[in-house]
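[1] A structural model of the following input is requested.
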Amino acid sequence: MSKELTEQERIQWVQSQFRKGNEYLASKGILPDQVVVQESRYLAPLIAVWKMKSQDRQEYWVLTGDLPTDHMAVSVAPNAKEAIRAFSLNWQLKAQQILDSGSTDKTQKDFANLLISRAHGLYDLFDHDEIWQAQPEHPSA
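    Residues are numbered from 1 along each chain as shown. Here you go, the predicted model:
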């Protein structure tokens, strides 16, 4: 694991992940409106799970950090912990679809292996209750 972050580094990391999540949603044609800070969680410098509302009032879980940025509807998971598990399971399914496609494209195989690796890491985080019991302070994003 990487070195312990200073408070300033942690705040900067959280803010950069918030921007990354907003930019990602915008790139998907979803215009972000606000973040539900009290329901969002992060473990700097690894992952951040943001609960975001779009301008059309839809809600999404947005995952950023040291992994592929992704999003899903809030209806899939009731909280950030369950969203982590949902992303993990979804990535395992996506990776299996890529591998089962018979593609010989090295980039696709590498991406599938990255998804598998990150999915396992996410599930490990989901499975550590002590991470989820702490209610982190959220620096303003």
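
[2] okay, the helix or strand of the chain with the lowest mean pLDDT in PDB with CA atoms only?
    Counting by mean pLDDT, DSSP states H and E, the weakest-scoring helix or strand in the chain turns out to be helix 129-133, with a mean of 74. C-alpha atoms of helix 129-133 as PDB (Å, rounded to 0.1, in the frame of the first residue of the first chain):
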ATOM      1  CA  ASP A 129     -16.800  -4.100   7.800                       C
ATOM      2  CA  GLU A 130     -14.400  -1.900   9.800                       C
ATOM      3  CA  ILE A 131     -13.900   0.300   6.700                       C
ATOM      4  CA  TRP A 132     -17.600   0.900   6.500                       C
ATOM      5  CA  GLN A 133     -18.300   1.400  10.200                       C
END
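
[3] Name the SS class of the most centrally placed residue in the chain, please.
    The residue lying closest to the centre of the chain (Cα atoms, centre = their mean) is residue 63, at 1.6 Å. Here residue 63 is recorded as strand under DSSP: H, G, I helix; E, B strand; the rest coil.

[4] Who are the contact partners of it?
    Listed by Cβ atoms under 8 Å, 6 or more residues apart in numbering, the contact partners of residue 63 are 47, 48, 49, 50, 69, 70, 71, 83, 84, 87. Where you see a C-beta, it was placed from the backbone N, CA and C, and this is true even at glycine.

[5] I'd like those written out as TSV, with distance to residue 59 and secondary structure added.
    Shown next, in TSV, are these (distance: Cβ to Cβ, whole Å; DSSP: H, G, I helix; E, B strand; the rest coil):
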residue	distance to residue 59	secondary structure
47	19	strand
48	16	strand
49	13	strand
50	11	strand
69	17	coil
70	15	strand
71	10	strand
83	11	helix
84	17	helix
87	16	helix
